[in-house]
Structures are given as structure tokens and as C-alpha cells.
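A.B. asks: Below are the sequence and a predicted model; questions follow.
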Amino acid sequence: MSFTKWFYRYLIGEDLAGPNSSAFQPGPVKPQHLPVPADERPEPWCGPDRGT
């Protein structure tokens, strides 16, 4: 399977890594700035809720 096909199936929620591997994880997405210098802490971002 090509990466493109795998990525598409991953995005639509198919089980690709075993049974129930596409289980929905509720909660907001929390991206961070990377990389950061060793003497600084990353500032967290809070994205919108993904719904339930």
C-alpha cells in the first residue's frame, strides 16, 4: 500500500494497525512550538474541541 493510500485511509478512520486502532480520542488537540532552546519551556496551544 502506498503512503498516499495509507494516509487517506488513516484520515477517514479505518483500522490500519490492528483491531480498534482507529478509536476516537476525545479532547482538544494541543499543538506546541517545536523545537525550543533547552532553557525555555514550550508554550502550549489549545485547538478547538474535536467533539464527542
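C.D. replies: Nice, thanks for sending it over. Predicted, not measured: the structure shown is a model, and the values here were computed from it.
A.B. asks: Against Arg41, how distant is Ala17?
C.D. replies: Relative to Arg41, Ala17 is positioned 32 Å away (CB to CB, to the nearest Å). C-beta: built from backbone N, CA, C; applies to glycine.
A.B. asks: give me the element Leu11 is part of.
C.D. replies: Per DSSP states H and E, Leu11 falls inside helix 3-12.
A.B. asks: Output that helix as CSV, nothing but the C-alphas.
C.D. replies: Taking C-alpha atoms only, helix 3-12 is exported to CSV below (Å, rounded to 0.1, in the frame of the first residue of the first chain):
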residue,chain,number,x,y,z
PHE,A,3,1.8,6.1,1.7
THR,A,4,-0.9,8.2,0.0
LYS,A,5,-3.5,5.4,0.2
TRP,A,6,-2.5,4.6,3.8
PHE,A,7,-2.7,8.3,4.8
TYR,A,8,-6.2,8.6,3.2
ARG,A,9,-7.4,5.5,5.0
TYR,A,10,-6.0,6.8,8.2
LEU,A,11,-7.7,10.2,7.8
ILE,A,12,-11.1,8.6,7.2
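A.B. asks: In terms of secondary structure, what does it contact?
C.D. replies: Helices and strands in packing contact with helix 3-12 are not found; criterion 3 or more CB pairs under 8 Å, 6 or more residues apart in numbering; DSSP states H and E.
A.B. asks: Let the chain start at 485 from now.
C.D. replies: Got it, first residue is 485 now, which makes that one helix 487-496.
A.B. asks: Now do it, average pLDDT.
C.D. replies: Mean pLDDT, computed over helix 487-496, is 84.
A.B. asks: now do stretch 505-514
C.D. replies: In this model, stretch 505-514 carries a mean pLDDT of 67.
A.B. asks: Please apply the same query to stretch 527-536.
C.D. replies: Looking at stretch 527-536 alone, the average pLDDT works out to 67.
A.B. asks: For the helix holding Leu495, buried residues please.
C.D. replies: Under the neighbour-count criterion of 16 or more other CB atoms under 10 Å, helix 487-496 has nothing buried.
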